[in-house]
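>>> How does the following fold in three dimensions:
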Amino acid sequence: MIKSLGFATLLAFTFASNSSVAATPTIVFSSADYVSESAAFGSYIIDNTDYLGVRLTLSSSMDISYIGGNFSQFSDGNIFGAIVKAGDWNSSTLAANSLAHTVFAATGGDQLASLGSTVHLAAGSYDIIFGSGQFGATGYSALVDTQDAASTSNMFQSTDAGVTISALSGTAVRVTAAAVPEASNTAMMLAGLGLTGLMLRRRQSK
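Model prediction:
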């Protein structure tokens, strides 16, 4: 028993002090189920004039650390992804009104890009937007078309860099958002177990 508790102590403090232990992102929002590019029909371009996005409506608050989607393998350079309050942006205000953004290289397939930190979104509506020409992004990519979605009413596009926005009708793209479970919770639990073992060990030695 003492040896087991001593090992638990060592394991707990190893986890608690090791900041490289990372949790796997968990999908908390998806506009459509994944369909591979080879099984889909075409894609929607993302570049400095063509933006694609999805409106996310939350009935309660949500923490988001990643955004992404099912991107085409025919990509080059970096694109941006941004979160902004629904309707609170256009081509000239996107950067200023962005709640969070990321710049990344789309490599094809289902992909998540880190926002660099966790963003807390209160209940309400938000737009998740992908494009180029802002935030230092100069490349291009595409979101794969004909994904498996129950509804496409929340999907939109702009062919003039956000000056005008129109609905995507009769098609579906996959846009996702993900959160990272707090690794510190696991570390704290193990540390607590280890501390309990240490206290019992001291009592046994008296």
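>>> Counting neighbours, which bits of the helix or strand that S114 is a member of end up buried?
S114 belongs to strand 109-121 when assigned by DSSP states H and E. By neighbour count on 16 or more other C-beta atoms under 10 Å, the buried set for strand 109-121 is 111-113, 115, 119, 121. Every C-beta, even on glycine, is put in place using the N, C-alpha and C of the backbone.
>>> how close does the closest residue in space to L121 that isn't next to it in sequence get to L56?
In space, and not counting its chain neighbours, L121 is closest to M62: 5.1 Å by C-beta to C-beta, 6 or more residues apart in numbering. For M62, the distance to L56 (C-beta to C-beta, to the nearest Å) stands at 8 Å.
>>> Compare neighbour counts for the two and give me the winner.
L56 (22 against 17; other C-beta atoms under 10 Å).
>>> strands paired with the strand holding S114, and their directions?
strand 62-71 (antiparallel) (DSSP bridges).
>>> immediately after the partner strand, which helix or strand?
Counting by DSSP H and E, what follows strand 62-71 is strand 79-85.
>>> quick check: mean pLDDT across the helix or strand following that following strand?
For strand 79-85, the following helix or strand on the C-terminal side (DSSP H and E) is helix 94-97. If you average the pLDDT over helix 94-97, you get 95.
>>> What of stretch 70-86?
97.
>>> could you pull out the strands for this protein?
For the chain, the strands defined by DSSP state E cover 26-30, 43-46, 51-58, 62-71, 79-85, 100-104, 109-121, 124-131, 141-144, 155-158, 166-167, 175-179.
>>> and the ones you listed, which is most packed in?
Mean neighbour count (mean count of other C-beta atoms under 10 Å) peaks for strand 141-144 among these, with a mean of 28.
>>> Output the contacting helices and strands for that one.
Applying 3 or more C-beta pairs under 8 Å, 6 or more residues apart in numbering; DSSP states H and E, we find strand 141-144 packed against strand 43-46, strand 62-71.
>>> Of all those strands, which one is nearest L168?
Checking the helices and strands packed on strand 141-144 against L168 by C-beta to C-beta gives strand 43-46 as the closest, at 7.5 Å.
>>> distance between that closest one and the chain's centre?
19 Å (C-alpha atoms, centre = their mean, to the nearest Å).
>>> for it, packing partners?
Using 3+ C-beta pairs under 8 Å, 6+ apart: strand 43-46 touches strand 141-144.
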